[in-house]
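Enquirer: Structure of the sequence below:
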Amino acid sequence: MAEAWVAANREFEETIAFIDTEAPDSSKSKSPIFKRVADLQFERIRPNIEREADGNLSLDIKDINEAVASWGKRERERRAKLIINYPDYSIDDDGFKRECELVGACGHKISHFILCPPIMRLTQNFVSDLGLKIPAMHGAMFAVQRLLEIELKRVLEEEAEWRNGNYSSMLVYSSAYGPSKNNEINAPNGMPHIRLLDLIETYIKTNKKPIKTAGKLRMACRYIIDVFGYDCTVEIISKKHLLDLQIKATRLPARLTISERKQSLIELEKKFTDDAIRPKLTTQAIRSWFNLLGSFFNLAVKADFIAKNPVDGIKPKANGHHVRRLPFSRDDMKSIFAPKYYPQAIDASKYWIPLLALYTGARLNELGQLHKTDIFDESTPCIDINDDNAENSQGKRLKNASSRRVIPIHNELLRLGFMDYVRSCKGPYIFPDLPHGGKYEPTKAFSQWFGRFIRTRGVLNKAKVFHSFRHSFKDECRANGVEEEVHDAITGHTNPTRSIGRSYGTGIAVSRLEIAINSLYLEAPHRLTPIQMHHS
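Expert: Predicted coordinates for the structure are as follows:
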């Protein structure tokens, strides 16, 4: 074996000397003789390889060439998907320029490093994937390396064209994008059609959708794929397919078990078509899917992936059975805040969050995600509803831009000791007993607890939930003559029918909001005793 090793490497060195003589610079490196170097090298060392004593090194140049071509196709597909899905990334994001320098692509000066670590790693991985046993420094390994260098150079030169907006060589690979007529590029933006699942993920990422919304959108996407039978490209989704999805969805139960969520739409449809026991999905629930899909396809239209939104005109119409949330009555509040039954202050979130909702009209998740730095203890104590640290993986989310606002703290909350409680908080969160930083909103379990709690207090109407505090607050503002512009500023509502002049200036003064807040007299919590905080 040692003799065969020496002979193979001698042939390899002769080939490299041949390269240096015939192609010393980048201009000559493109000559036909250079492109045949790898094949020539294989032909020269094959007799030595086949005489290996252990019989493990039997190579066929045809098989190797086909494997290299297959690798090149996969690499083109990977790079094409990257450019399509993330068109704004720069050429330095993935070492593209350095890759070009290594193999002399895109006009960069070629420098043939026989021991080039990146190319050697690529070659070793390639050989390993083929199941070949070639010694690391064997001449055959360098021969494969040359073939991969030549193929990688072609890939990089095509990629450079794509980056410059010339997509003529970018094929719509069936394994990545689904079937396409004649393998043509015919998206309105000149780029290849993209798979539905890929575009959905890009939409979720770029629009920073909440986990619950993202989950619902992924589920609707998966069901569309089930209708087709494969991960289709976005441009072939039609109204007919979405109407088919609507029909199938009406046969699904309102709540799926964990195992059922893993089943396809077709399997679920067959399973529940004749099931008259479990409640079915409501029209409103299916309509919520199509609201999300409509927004998603609007983005696809704006990006010129498709010409028209297939959801337009076919969204299920509201059937009038949607339960409208009702405000709590005075009697409801007396029952909820009865001192004998209301949670003690030691359960911080259960004690304070309903009170805050009552006196601010804020949404549940806005309150549950509050940080200590969101509470201002100044001449006018205020709560700052914001999502300033959403980029820092803190998970703060708001419904929309108008949700960002400052709310003066009601005198009754001050009487009960809210500011003392805030000062006693040790960590960053106002309510550290809630599960922050998890997969879902920190108030998910709290919402379920509150629903059970008010039922035990005799509030049995299902239209009355935690969000009813927000309705109660708005009614109380109207009853006390608070101007709509003022209580909209407190609750973070926008009214598109009002004058655009509302958006001018710096907004309503905090002092005016404070007067409005403290004009509200909700007597139910007045029977609660102020808490006594023990500062360490």
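
Enquirer: Neighbours of residue 518, how many?
Expert: Residue 518 has 15 neighbouring residues, counting by other C-beta atoms under 10 Å. Bear in mind the C-beta positions are built from the backbone N, C-alpha and C, glycine included.

Enquirer: What distance do you get for the residue lying closest to residue 299 once chain neighbours are set aside to residue 297?
Expert: Spatial nearest neighbour of residue 299, excluding adjacent residues (C-beta to C-beta, 6 or more residues apart in numbering): residue 203 at 5.7 Å. For residue 203, the distance to residue 297 (C-beta to C-beta, to the nearest Å) stands at 10 Å.

Enquirer: Could you do residue 361 as well?
Expert: 34 Å.

Enquirer: list the buried ones in the host helix or strand of residue 204?
Expert: If you go by DSSP states H and E, residue 204 is part of helix 196-207. Within helix 196-207, the residues that qualify as buried are 196, 197, 198, 199, 200, 201, 202, 203, 204, counting by 16 or more other C-beta atoms under 10 Å.

Enquirer: what's in contact with it?
Expert: 81, 84-86, 209, 214, 217-218, 221, 224-225, 231-234, 237, 296, 299-300, 305 (C-beta atoms under 8 Å, 6 or more residues apart in numbering).

Enquirer: Just these: which are in helices?
Expert: 81, 84, 85, 214, 217, 218, 221, 224, 225, 296, 299, 300 (DSSP state H).

Enquirer: So which residues of the stretch 151-300 of the chain form helices?
Expert: 174-177, 196-207, 211-228, 239-249, 258-261, 265-272, 283-302 (DSSP state H, counting those that start in this stretch).

Enquirer: Counting neighbours, show which residues of the third one come out buried.
Expert: By neighbour count on 16+ other C-beta under 10 Å, the buried set for helix 211-228 is 213, 214, 216, 217, 220, 221, 222, 223, 224, 225, 226, 227.

Enquirer: Quick check: closest non-adjacent residue to residue 445.
Expert: Nearest non-adjacent residue to residue 445 (C-beta to C-beta, 6+ apart): residue 435, at 7.1 Å.

Enquirer: so the one you found makes contact with residue 446?
Expert: No. At 9.4 Å, residue 435 does not count as touching residue 446 under the criterion of C-beta atoms under 8 Å.

Enquirer: Which one of those two is surrounded by more residues?
Expert: residue 446 (23 against 15).

Enquirer: quick one: pLDDT of the more buried one?
Expert: Here the pLDDT value assigned to residue 446 is 93.

Enquirer: So it versus residue 128, what's the distance?
Expert: The separation that residue 446 has from residue 128, given C-beta to C-beta, amounts to 52 Å.

Enquirer: what's the spacing between residue 118 and residue 96?
Expert: Counting by C-beta to C-beta, the gap from residue 118 to residue 96 is 13 Å.

Enquirer: The two: who's more crowded?
Expert: residue 96 (19 against 14).

Enquirer: show me what contacts that one?
Expert: With C-beta under 8 Å, 6+ apart, residue 96 has these contacts: 156, 159, 163.

Enquirer: For the second one, which non-adjacent residue is spatially closest?
Expert: Once its chain neighbours are removed from consideration, residue 159 has its nearest residue in residue 79; the separation is 5.1 Å (C-beta to C-beta, 6+ apart).

Enquirer: Could you double-check that the one you found sits in contact with residue 155?
Expert: Yes. Checked against C-beta under 8 Å, the pair residue 79 and residue 155 is within contact range at 6.9 Å.

Enquirer: Now do the shared contacts for those two.
Expert: When C-beta under 8 Å, 6+ apart defines a contact, no residue borders residue 79 and residue 155 alike.

Enquirer: Find the least confident helix or strand in this protein, judged by mean pLDDT.
Expert: Least confident helix or strand of the chain, by mean pLDDT, DSSP states H and E, is helix 174-177 with a mean of 37.

Enquirer: can you list the domain ranges for this protein.
Expert: Here the chain is described, according to automatic domain parsing, as comprising the domains 2-170, 196-302, 330-527.

Enquirer: between these, which one is nearest to residue 317?
Expert: Residue 317 lies closest to domain 196-302 among those, at 7.6 Å (C-beta to C-beta).

Enquirer: what's the burial count for residue 95?
Expert: By other C-beta under 10 Å, the residues close to residue 95 number 12.

Enquirer: Kindly provide the distance from it to residue 102.
Expert: 9 Å.

Enquirer: Repeat that for residue 424.
Expert: As judged by C-beta to C-beta, residue 424 and residue 102 stand 60 Å apart.

Enquirer: So those two - more neighbours on which side?
Expert: residue 102 (22 against 14).

Enquirer: That one reaches residue 118, doesn't it?
Expert: Yes. Here residue 102 reaches residue 118: they are 6.1 Å apart, a contact under C-beta under 8 Å.

Enquirer: can you redo the contacts of residue 96 as CSV with neighbour count, distance to residue 471 and pLDDT?
Expert: Listed next are the contacts of residue 96 as CSV, based on neighbours: other C-beta atoms under 10 Å; distance: C-beta to C-beta, whole Å; pLDDT from 0 to 100:
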residue, neighbour count, distance to residue 471, pLDDT
156, 21, 61, 88
159, 25, 56, 84
163, 16, 54, 73
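
Enquirer: of all the buried residues of helix 211-228, which comes closest to residue 352?
Expert: residue 213 (27.3 Å).

Enquirer: so how far is residue 252 from the closest residue to residue 248 other than its chain neighbours?
Expert: Closest residue to residue 248 apart from its sequence neighbours, by C-beta to C-beta, 6+ apart: residue 269 at 4.9 Å. From residue 269 across to residue 252, the span is 7 Å (C-beta to C-beta).

Enquirer: Looking at those two, which is more packed in?
Expert: Taking other C-beta under 10 Å, residue 269 and residue 252 do not tie; residue 252 has more neighbours (22 against 18).

Enquirer: That's all I had, so thanks and see you.
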